[in-house]
Every structure is written in C-alpha cells, then in structure tokens.
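[1] sequence unknown, structure follows:
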C-alpha cells in the first residue's frame with residue numbers, strides 16, 4: 001500500500017507542466033540558460049514534493065508501527081516462556097536436592113542402626129563366652145575338690161598300719177557327719193573358737209590345697225601337708241610329728257588363718273579371688 005501511494009504522488013508531480021505560457025505560447029528561455037521555471041511555480045513544485053514525501057513517510061510509519069504492535073505480543077510471550085522454563089528448572093533442582101538430602105539421611109540412620117545392632121550382638125556373644133568360661137572353671141574346681149576329698153578319705157581310713165597319727169581328742173556331735181582328717185579338722189576348728197558355720201569354708205580351702213592329704217607336697221614350691229605350709233617345717237611349732245600327724249598340721253593351718261584372714265571363710269574368699277591364701 002505504501003509503494004502504491006508513493007508512485008501516485010510522483011506521477012502527479014511529473015505530469016505538471018514546467019514551462020510558463022506567455023501570451024498563449026511558451027516563453028522561450030534565454031539561449032545561454034536553457035529552459036527555466038518561474039519562481040512561484042518552482043516553489044509550488046518543491047512544496048508539493050515535500051508534502052508527498054511527508055505523506056509517504058507517515059504511511060510508512062503507520063505500517064511499521066502496525067508491524068511492531070503485532071511483533072510486541074509475540075516477543076512478550078517468548079520472554080514469558082523463557083522465565084517459566086527457568087522457574088520450572090529451579091523447582092526441579094530443589095526437588096532433586098531434597099531427595100538427595102533425604103536419601104543421605106536415611107543412609108546415615110541405617111548405618112547407625114547396623115552399628116548399634118552389631119555392638120549389641122558382640123556384647124551378647126562376649127557375655128555368653130564369659131558365662132561359659134566361668135562355668136568351666138567352676139566345674140574344674142569342683143572336680144578337683146571331689147578328687148581331693150576322695151583321696152583324703154581313702155588315706156584317712158588306711159588304718160594304723162604305717163598310716164597317719166590317729167587323733168584321740170574329743171569329737172563334737174556336729175562333726176560326726178565327717179570322717180578321717182576332715183572329722184579331725186572340724187573338731188579342732190571348734191576347739192580353736194570358730195563356729196560350725198565356718199567349716200564349709202575350711203573344708204573347701206583344704207580340699208583345694210591338698211585334698212586333706214597330710215602327705216601332699218607341691219613339687220614346684222615344696223609346700224607340704226594339709227594346709228600346704230611353706231616350708232613344711234614351720235608346722236613344728238605345734239609338734240615334732242608335723243610330717244605324719246594331720247592334727248598337728250591342721251592346728252598350724254588354723255593359727256595361720258586366724259592371724260592372716262581372721263576366719264576360714266575370710267581365707268576361702270581370698271583364695272577364690274586370687275587362687276591362693
């Protein structure tokens with residue numbers, strides 16, 4: 001449309017006469033200047049051309065303005081789409097970060113639970129092992145005490161033919177449940193001032209040390225007799241027959257216990273914790 005209007009304006013301007021009529025004919029130009037247009041008509045022509053160019057510019061501006069108005073919404077729409085894509089990407093990134101953080105927290109919690117479970121199982125296994133070891137030690141001690149008691153009973157009942165010196169002192173009724181050196185030991189313990197409830201401790205202590213055998217001797221240390229005196233000659237304090245008389249050995253043992261541990265049960269408790277008295 002712009003091109004068509006501009007063409008019409010140029011055609012109108014081109015069709016206008018440029019010669020000046022004088023007295024019904026064209027006035028001739030000066031021979032040295034060529035044709036000329038009178039000043040008033042030249043001004044009209046210039047103004048017409050200017051008006052035409054102005055009209056053409058206005059029409060072109062309107063056309064370009066319409067084109068910009070059409071393109072502006074499209075550009076705004078594209079910019080809005082870009083902004084929306086950025087927002088969506090940011091939300092997706094935040095969601096992924098939250099998911100990764102939750103996964104790491106769950107993993108740490110699972111590892112902590114596994115470590116706690118492993119520690120609990122290890123402690124239970126250690127407790128079980130300790131319990132079994134304690135039972136084994138107790139069983140071994142009980143077997144050793146039973147063997148020593150059996151050996152002491154057999155040696156105490158060997159009679160007077162080459163055996164130990166027999167005890168001829170009084171035997172309280174509370175000691176009649178025992179025999180041999182154990183019966184002698186019960187009587188001597190009561191005579192030394194201890195009560196009958198102390199005898200179970202004395203019985204276990206001497207059973208562990210010698211099995212109530214007056215001839216028992218430790219091959220490594222040299223301890224001898226029922227109380228395992230070291231050396232055995234210490235027991236001569238209570239008789240020269242310390243080597244063959246169970247009563248002499250027991251008297252020395254009771255004196256040692258009283259001076260060091262106060263009671264037979266005190267001596268037995270120390271032996272339980274250390275293995276010796």
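    Received it, and whenever you're ready, just let me know what you need. Quick caveat, the model's predicted, so the values are computed rather than measured.

[2] how near is residue 115 to residue 108?
    Taking Cβ to Cβ, to the nearest Å as the criterion, residue 115 is separated from residue 108 by 11 Å. Placement of C-beta: from N, CA and C, glycine included.

[3] and if you look at residue 167?
    Distance, residue 167 to residue 108, using Cβ to Cβ: 76 Å.

[4] model confidence score at residue 162, please.
    Residue 162 is assigned 61 on the pLDDT scale.

[5] quick one on the thing from earlier: so between residue 167 and residue 108, which is more surrounded?
    In terms of neighbours (other Cβ atoms under 10 Å), residue 167 is the more surrounded of residue 167 and residue 108; the figures are 20 against 10.

[6] check what contacts stretch 96-108 and list those residues.
    The contact list for stretch 96-108, computed with Cβ atoms under 8 Å, 6 or more residues apart in numbering, is empty.

[7] which parts of that stretch are buried?
    Buried positions in stretch 96-108, judged by neighbour count with 16 or more other Cβ atoms under 10 Å: none.

[8] how about stretch 179-197?
    180, 181, 182, 183, 184, 185, 186, 187, 188, 189, 190, 194.

[9] now the helices for the chain?
    2-15, 39-156, 180-191, 199-209, 246-261, 264-274 (DSSP state H).

[10] what helices or strands is the fourth one leaning on?
    Based on contacts counted as 3 or more Cβ pairs under 8 Å, 6 or more residues apart in numbering; DSSP states H and E, the elements that helix 199-209 packs against are helix 39-156, helix 180-191, helix 246-261, helix 264-274.

[11] and the ones you listed, which one is worst for confidence?
    helix 39-156 (a mean of 70).

[12] and residue 235, how many neighbours?
    Look at residue 235: counted by other Cβ under 10 Å, it has 26 neighbours.

[13] over to the residue nearest to it when sequence neighbours are not counted: give its phi and psi.
    Among residues not flanking residue 235 along the chain, residue 242 sits closest, at 3.6 Å (Cβ to Cβ, 6 or more residues apart in numbering). As for residue 242, its main-chain torsions (degrees, to the nearest 10) stand at phi -60, psi -20.

[14] right, and residue 242 touches residue 227 too?
    No - checked against Cβ atoms under 8 Å, the pair residue 242 and residue 227 is beyond contact range at 10.3 Å.

[15] residue contacts, residue 252?
    Residue 252 makes contact with 225, 227, 229, 234, 235, 237, 238, 242, according to Cβ under 8 Å, 6+ apart.

[16] repeat for residue 192
    By Cβ under 8 Å, 6+ apart, the neighbours of residue 192 are 251, 254, 255, 258.

[17] switch the cut-off to 6 Å
    By Cβ atoms under 6 Å, 6 or more residues apart in numbering, the residues touching residue 192 are residue 254.

[18] for it, give me the pLDDT.
    95.

[19] next one: it from residue 214, what distance?
    From residue 192 to residue 214 the distance is 18 Å (Cβ to Cβ).

[20] with residue 241 instead?
    Using Cβ to Cβ, we find residue 241 at a distance of 10 Å from residue 214.

[21] so for these two, which residue has more residues nearby?
    Under the criterion of other Cβ under 10 Å, the comparison of residue 241 against residue 214 puts residue 214 first, with 26 against 15.

[22] ok, the more buried one touching residue 247?
    No - contact criterion Cβ atoms under 6 Å: residue 214 and residue 247 do not qualify, at 9.2 Å.
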